[in-house]
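Q: Here is the input, now give the coordinates:
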Amino acid sequence: MLLRAVVRLLCVLQCGLLAFSLLDPIDFLALQSIRKALDDVPGSNFFASWDFTSDPCNFAGVYCGGEKVIALNLGDPRAGSPGLTGRIDPAIGKLSTLAEFTVVPGRIFGTLPYTLSQLKNLRFLGVSRNYISGQIPPAIGQLSGLQTLDLSYNQLSGNIPWSIGALPALTNVILCHNHLSGSVPLFKSQTLTRLDLKHNDLSGSLSPTSLPPSLQYLSLSWNRIGGPVDRLLTRLNRLNYLDLSLNRFSGRIPGNIFTFPITNLQLERNSFFGPVQPVDQVRIPTVDLSHNGLSGTISPMFSTVQNLYLNNNRFTGQVPASFVERLLSARIQILYLQHNYLTGIEINPTAEIPVSSSLCLQYNCMVPPIHSACPLKAGKQMTRPASQCNEWKG
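A: A predicted model of the protein is given here:
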């Protein structure tokens with residue numbers, strides 16, 4: 001019995017030494033520390049293959065190049081998988097050739113290790129939809145080759161380090177749905193295509209050169225950012241998605257923005273003011289300019305928009321006839337003009353709005369000539385009080 005136990009122990013030691021020899025010892029020990037700090041949540045078996053008596057390069061989520069770990073993807077990436085719990089161990093910084101580090105959605109808590117700054121080869125850092133708290137380590141700004149930074153849907157607080165904005169190779173920055181505050185840093189990367197900072201507590205203003213013209217996707221909604229953006233937006237002519245809603249932006253909306261290759265333009269619930277004059281027919285499918293201080297007449301250039309929200313502004317005058325034509329032919333799906341100071345629309349009271357279209361005209365300086373369903377938020381009053389209309393005319 002004693003001899004058998006000794007032989008078994010020697011076999012275990014030999015297997016351990018074999019695994020150790022296949023992977024750099026520093027990386028081997030780092031993986032052990034990372035494993036000890038994490039566990040599968042009930043229903044997950046991601047770590048089932050992490051048996052350190054075998055080659056760690058065959059572990060789930062571990063990818064090697066030679067004797068070094070070059071990518072670490074923690075957790076089962078399949079949709080709906082339960083994920084992991086625990087903390088990210090500072091030993092992550094020992095994986096010196098790591099180029100990609102991701103964690104699937106789960107219940108990982110604690111702070112981001114400052115040792116991430118030691119990963120000089122890191123190109124992709126994605127730790128989203130967990131419970132990471134604390135601040136974003138400013139030292140991440142030392143990762144000069146970092147291309148994608150995704151820390152979205154966590155509980156991060158504090159400022160976005162300005163050192164991150166200086167990273168030269170960034171292409172994607174996704175920090176949405178956190179508790180970040182302070183101002184938006186200057187982003188200098190000329191390859192940055194996606195910037196998503198929505199649902200934070202960011203404030204301050206944006207300078208005309210805050211963001212590079214390479215941007216194609218920009219979402220800053222649900223923050224407290226203010227000031228004019230007309231000069232900034234004029235430069236971002238590659239945008240195909242723009243959402244600045246629910247902020248404190250002010251000033252004029254530049255007319256050329258409606259020529260950008262955007263599919264969804266959301267500028268609602270800000271403090272934009274003045275007339276809006278597109279330079280050409282607007283080909284953007286959805287335009288939301290509602291809940292601002294926009295004034296003047298409604299440009300007929302907007303009649304080619306499928307879903308148009310101009311409600312809760314200060315528009316005056318007649319609704320252009322081109323809107324009526326496209327509405328009745330079902331080429332406009334949503335036309336919300338309620339809560340303005342409009343004085344008329346040339347539409348036959350017996351006309352029938354197509355079932356696929358929605359028109360709302362209530363609470364203007366006219367009696368709506370046609371009955372149509374409005375959203376509940378529009379209230380029950382059909383016409384604005386005459387005193388308000390006379391005051392606005394004056």
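
Q: gap between the helix or strand hosting Val69 and the chain center?
A: Here Val69, judged by DSSP states H and E, is contained in strand 68-74. In this view, strand 68-74 has its centroid 26 Å away from the chain centroid, taken as CA atoms, centre = their mean, to the nearest Å.

Q: Can I get that strand in CSV, CA atoms only?
A: Coordinates of each C-alpha in strand 68-74 appear next as CSV, following Å, rounded to 0.1, in the frame of the first residue of the first chain:
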residue,chain,number,x,y,z
LYS,A,68,3.2,32.2,-23.2
VAL,A,69,-0.4,33.0,-22.8
ILE,A,70,-1.5,35.5,-25.5
ALA,A,71,-5.3,35.5,-24.9
LEU,A,72,-7.5,34.9,-21.9
ASN,A,73,-11.3,34.7,-22.3
LEU,A,74,-12.8,34.0,-18.9
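
Q: what's next to that strand, contact-wise?
A: Here strand 68-74 makes contact (CB atoms under 8 Å, 6 or more residues apart in numbering) with 23-24, 27, 30-31, 34, 38, 46, 56-57, 61-64, 84, 92, 95-104, 121. In this view, the C-beta of every residue, glycine as well, is placed from N, C-alpha and C.

Q: And stretch 162-170, by the same measure?
A: Residues contacting stretch 162-170 (CB under 8 Å, 6+ apart): 123, 136, 138-149, 173, 185-189, 191-192.

Q: what residue ranges in the stretch 1-150 of the chain score low on pLDDT?
A: Within the stretch 1-150 of the chain, the segments meeting pLDDT under 70 span 1-21.

Q: The nearest residue to Pro261 once chain neighbours are set aside and Tyr217, how far apart?
A: Residue nearest to Pro261 in three dimensions, not counting chain neighbours: Asn240, with 5.1 Å by CB to CB, 6 or more residues apart in numbering. With the distance defined as CB to CB, to the nearest Å, Asn240 ends up 7 Å from Tyr217.

Q: One more: Asn348?
A: Using CB to CB, Asn348 is found at 43 Å from Tyr217.

Q: just the strands in the stretch 151-300 of the chain please.
A: Ranges of strands in the stretch 151-300 of the chain, per DSSP state E, counting those that start in this stretch, are 155-159, 172-174, 179-183, 194-196, 201-203, 217-219, 226-228, 241-243, 248-251, 264-266, 271-274, 286-288, 293-296.

Q: tell me the mean pLDDT over the first one?
A: The one in question is strand 155-159. Here strand 155-159 scores 98 as its mean pLDDT.

Q: Now that strand: buried residues?
A: Along strand 155-159, these residues count as buried under the neighbour rule (16 or more other CB atoms under 10 Å): Leu156, Asn159.
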